[in-house]
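Peer 1: my questions concern the predicted model and sequence given below.
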Amino acid sequence: MNWLNQQSSQDNDIQNNIIQSGKLPRHLAVIMDGNGRWAVERKFSRTAGHREGIESVRDIVKASSQLGIQYLTLYAFSIENWKRPVSEVSVLMKLLEHFLKAELNELHENKVRINTIGKISSLPQNVQKLLHDSIEKTKDNEGLTLTLALSYSGRWDIVRSVQMIALDIRRGKVSPEDISEDLFSSYLQTSKIPDPDLLIRTSGEMRLSNFLIWELAYSEIYITDKFWPEFRRTDLYESIMNYQKRERRFGKTSDQIAIENNNKESESYISRVVNAFKIK
Ligand code: IPE
Ligand code: IPE
Ligand code: MG
């Protein structure tokens, strides 16, 4: 089913408004938190919360793709989450398996490219195989890149990268003087993905919980009290509209940013005029 033909005209209008009113985040990262609390509040089992959380995943993936966001990274399971009761971990793995089986064709039809970060080798064999097949099937897609962070932790990826750099130094491929931020980033599992522009965390917690700790250095952060199972496309729209109002300064002053934006505007005006006079 093509997601672009599935929208209500009202939804389409809201999306067009957002697209026209400012820059979209190129990379949106989400800490999907609060499934358990959502369920407990309703006297359901935590499993019911995880199940409902998948409905939010479906809606947010679809809406991100419809908006034309290029990268969406979802924190689905951290290395620390292995410390949860075995029964909860096994439900989460089953739900992941079910999600991949049920959604792969639709994701593929809608040009989604599936990607993972994390210690995939510690996931159950059947989940590893499903992930491998999903990545393979969708590898040439040019729509949304959907990265699932599974058995992931930011510190784990940093330590892994340091080990690999040390090995390359031993092999003579890299010298210590070569180590720069760019070189370091190229060893991370996120090397082919730009840093997140916007991080959303649901359920009100003000922490990173070991998610993309290197990559989030200059991301805008949006925290909502809503639990993940109740976070749907209208909440996503709200977070993006909030993002569009922010001034990203990257250490500079507000005045400097204003001058840069003016320069960009005049450059684009000049290039439009030049193009208009070009002989075709
Ligand atoms: C997020 O919801 C899902 C995972 C971490 C896998 P939680 O399960 O953490 O829900 P809360 O935070 O306990 O409410
Ligand atoms: C963060 O949620 C991890 C994921 C959403 C996968 P947690 O529920 O594990 O985070 P903490 O333990 O409250 O920091
Ligand atoms: Mg939690």
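Peer 2: Yep, that arrived. Small disclaimer: the values here were computed from a predicted structure and weren't measured. Numbering: from 1, shown residues only. Ligands and ions are numbered 1, 2, ... in the order given.
Peer 1: what sits against the closest residue to ligand 2 within the stretch 151-280 of the chain?
Peer 2: Nearest residue of the stretch 151-280 of the chain to ligand 2: S209, at 3.6 Å (CB to the nearest ligand atom). (Glycine included, C-beta is placed from N, CA and C.) Contacts for S209 (CB atoms under 8 Å, 6 or more residues apart in numbering) come out as 31, 33, 75, 78, 80.
Peer 1: what does D33 give?
Peer 2: 201-203, 205, 209, 227-228.
Peer 1: out of these, who's the most crowded?
Peer 2: When neighbours are taken as other CB atoms under 10 Å, the top entry among those is W228 (29 neighbours).
Peer 1: ok, now how distant is it from T202?
Peer 2: Between W228 and T202 the distance, using CB to CB, to the nearest Å, works out to 5 Å.
Peer 1: between the two, what contacts are shared?
Peer 2: The contact sets of W228 and T202 overlap at 32-34 (CB under 8 Å, 6+ apart).
Peer 1: can you select the buried ones from the contacts of S209 in PyMOL?
Peer 2: Provided next is the PyMOL selection string for whichever of the contacts of S209 are buried by 16 or more other CB atoms under 10 Å:
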select buried, resi 31+33+75+78
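Peer 1: inside strands: which ones of the contacts of S209?
Peer 2: 31, 75, 78 (DSSP state E).
Peer 1: would you list those residues in TSV and tack on distance to ligand 1 and pLDDT?
Peer 2: Formatted as TSV, these follow (distance: CB to the nearest ligand atom, whole Å; pLDDT from 0 to 100):
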residue	distance to ligand 1	pLDDT
I31	8	99
Y75	8	98
S78	7	98
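Peer 1: restrict those to those near ligand 2?
Peer 2: Near ligand 2, judged by CB under 6 Å from any ligand atom, the entries from those are 31, 75, 78.
Peer 1: ok, now which ones touch the second one?
Peer 2: Under the criterion of CB under 8 Å, 6+ apart, the contact list for Y75 reads 29-32, 149, 152, 209, 211.
Peer 1: going by distance to ligand 1, which of these wins?
Peer 2: Within the contacts of Y75, the smallest distance to ligand 1 is 5.6 Å, found for M32 (CB to the nearest ligand atom).
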